[in-house]
Each structure stands twice: as structure tokens, then as C-alpha cells.
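Asks: Got a sequence here, can you model it:
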Amino acid sequence: MTRIDARFAELRAAGRKAFVSYIMAGDPDADTSLEVMKGLPGAGVDIIELGVPFTDPMADGPTIQLAGQRALAGGMTLEKTLAMARAFREEDDTTPIVLMGYYNPIYNRGVDKFLVDAKAAGIDGLIVVDLPPEEDDELCIPAAKVGLNFIRLATPTTDDKRLPKVLTNTSGFVYYVSITGITGAAAAEATDVGPEVARIKAQTDLPVIVGFGIRSPETAQTIAGVADGCVVGSAIVGEMATGRPVAEVLEFVRGLAEGAHQA
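Replies: Alright, predicted model coming up:
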């Protein structure tokens, strides 16, 4: 059982929905992003998605693209992202960490070395948005063998024919993308999301977490209400981009988490 599995078991026992937050490693700088990361569990975050900056983030909108550019300009790398996770683990050995990014940095490092290093750094799961199920032998199956969850995205265009393929070898949870488009592009609507979550849950026992287009505690509550929880990324990254103090960023996160937990 991974930390992700354990966390969802705890949430189910408490009758509570999950709140997942995304931050970009190294944005606006390495020290600040680590300080925010360390504060997320205390702000109510159940699972942390840690973005690995990449030069060509095809699934991400301008907010996260710019965060990745700032991080790269500041010298953030995959190695330093793993070091950030290790530093977090010195104080917190229970909050799950999911690395979210793209395959190229992992491929360049070497899959076997990456998996050993990620496991040692305390990473629990991976979201690699440009590796479809047809490429499971590349990373998904090797990750499972070392005890890392490989979390797949399902979208509004994932039809009933495609969905079983997407769910094959997926573990931890299913990440449902609430909109057709990039991160931060539009607002999520519970009336659209609810039937899609039900369709996915009819084919898997995994929790379904909804992301993209959630910017307020109210939306976090309504979306978590029709799923097993929600993810917020661009809204948090946008707050950090304004240069707000870490305490203010964490207070913003706390409001989102409380919204999700009230669902």
C-alpha cells in the first residue's frame, strides 16, 4: 500500500473528500517553493502534486507555463525537484507526493535510475501526461514494480471505448480533467462533471479526483461533491506568481481545502 492508498483509506473512513494541491518545483524560487510545500499539509492538503518544470508543457495553460519558465530560469531541474521532495520528507513522512510532468526529463535521466531515485526521495506516484497507455512498458509498468502509483488522466473526450484502456494499469487514483483544453482555461461545472465521474466509477474502484478549472472554495466544494475530491493548480500557482508572502498563499490554499472538505 502506497501513501496515496493509505490516505484515501483514511479519507473514506472519515467520510471526507480529498483536496489535492499542485505547485511547480522551483517557482518562484527553490526556497520559496519548498517553504510553501512544507506548509501545504497544515493548510489542509491531503495529497501534493509537485510539478517538474519542462520546456514544452503541452497540457498546461499560461499560468503554469510561466511558472515552469521561471523555475527553469532559476536553475530548477529534475534532480533538484527530487531533492525538494527529500527535504520535505525530513519533516513529513505521511503526506503523499505525486510528481507531475512530462516524459522527456525522465527519459534523459534513465527510467531505472529515475525510479530508484524517486522512490528514495519519498515520491509516491507519477502523472506523466504525454505517455499514453500504449506506452505502458516505458514507465507505467516499471513504476508499479517498484511500488509507485501511475495515475492516468481521463478527459471529456475519453469515450466508453477508450476508457478501459486508460484505466488499465492505472493505480492510486484517476485524474479526471473537467474541461476540454489546457490548465486554467475554463471553469469546471459540477453538472458536467458529475455524470462523467459516475461513468468512470462504473468501471473502476479507484478514487476519481477532478482537476482543471477550480479556482474558489465554492467550486472546490461543488466539484468535490460529485467526485472523491478535487485538484487545484493554476489558481495556487497564480497566487504565488503575484509575490504574495508564503503565509498568504497558504491561507488561500486553506480556503480551497476547507471548501473541498465541506463537500
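
Asks: Which residue ranges of the chain form strands?
Replies: Using DSSP state E, the strands of the chain run over 18-24, 47-51, 97-101, 125-128, 149-150, 153-154, 174-177, 208-211, 229-232.

Asks: highest average neighbour count across those strands?
Replies: Sort those by mean neighbour count, taking mean count of other Cβ atoms under 10 Å, and strand 229-232 sits at the top with a mean of 30. In this view, the C-beta of every residue, glycine as well, is placed from N, C-alpha and C.

Asks: Does anything pack onto it? Which helices or strands?
Replies: strand 18-24, strand 208-211, helix 217-224, helix 246-261 (3 or more Cβ pairs under 8 Å, 6 or more residues apart in numbering; DSSP states H and E).

Asks: Any chance of a markdown table for the strands of the chain, columns distance to Pro164?
Replies: Formatted as a markdown table, the strands of the chain follow (distance: least, Cβ to Cβ, whole Å):
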| stretch | distance to Pro164 |
| --- | --- |
| strand 18-24 | 24 |
| strand 47-51 | 25 |
| strand 97-101 | 23 |
| strand 125-128 | 20 |
| strand 149-150 | 16 |
| strand 153-154 | 11 |
| strand 174-177 | 12 |
| strand 208-211 | 15 |
| strand 229-232 | 23 |
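
Asks: Turn those strands into a markdown table, columns for mean pLDDT.
Replies: Formatted as a markdown table, the strands of the chain follow (pLDDT from 0 to 100):
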| stretch | mean pLDDT |
| --- | --- |
| strand 18-24 | 98 |
| strand 47-51 | 98 |
| strand 97-101 | 97 |
| strand 125-128 | 98 |
| strand 149-150 | 98 |
| strand 153-154 | 95 |
| strand 174-177 | 96 |
| strand 208-211 | 96 |
| strand 229-232 | 97 |
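
Asks: which one of those lies closest to Ala71?
Replies: Comparing the strands of the chain by their distance to Ala71 (Cβ to Cβ), the top pick is strand 18-24, with 5.5 Å.

Asks: so which of the helices and strands packed on strand 229-232 comes closest to Glu35?
Replies: Ranking the helices and strands packed on strand 229-232 by proximity to Glu35 (Cβ to Cβ) places helix 246-261 first, at 5.0 Å.

Asks: how about the helices in this protein?
Replies: Here the chain has its helices, by DSSP state H, at 3-14, 30-39, 62-73, 78-89, 103-109, 111-121, 140-145, 163-167, 190-201, 217-224, 234-241, 246-261.

Asks: For the fifth one, the averaged confidence score.
Replies: Yep, that's helix 103-109 we're talking about. Helix 103-109 carries an average pLDDT of 97.

Asks: Repeat that for the first one.
Replies: For helix 3-14, mean pLDDT is 98.

Asks: other SSEs contacting that helix?
Replies: strand 18-24.

Asks: Render the CA-only coordinates of the strand it packs on in PDB, please.
Replies: C-alpha atoms of strand 18-24 as PDB (Å, rounded to 0.1, in the frame of the first residue of the first chain):
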ATOM      1  CA  ALA A  18      -9.700  14.700  -0.800                       C
ATOM      2  CA  PHE A  19      -8.100  18.000  -1.500                       C
ATOM      3  CA  VAL A  20      -5.100  17.800  -3.800                       C
ATOM      4  CA  SER A  21      -2.900  20.900  -4.500                       C
ATOM      5  CA  TYR A  22      -0.300  21.400  -7.300                       C
ATOM      6  CA  ILE A  23       2.800  23.600  -7.100                       C
ATOM      7  CA  MET A  24       5.700  24.000  -9.500                       C
END
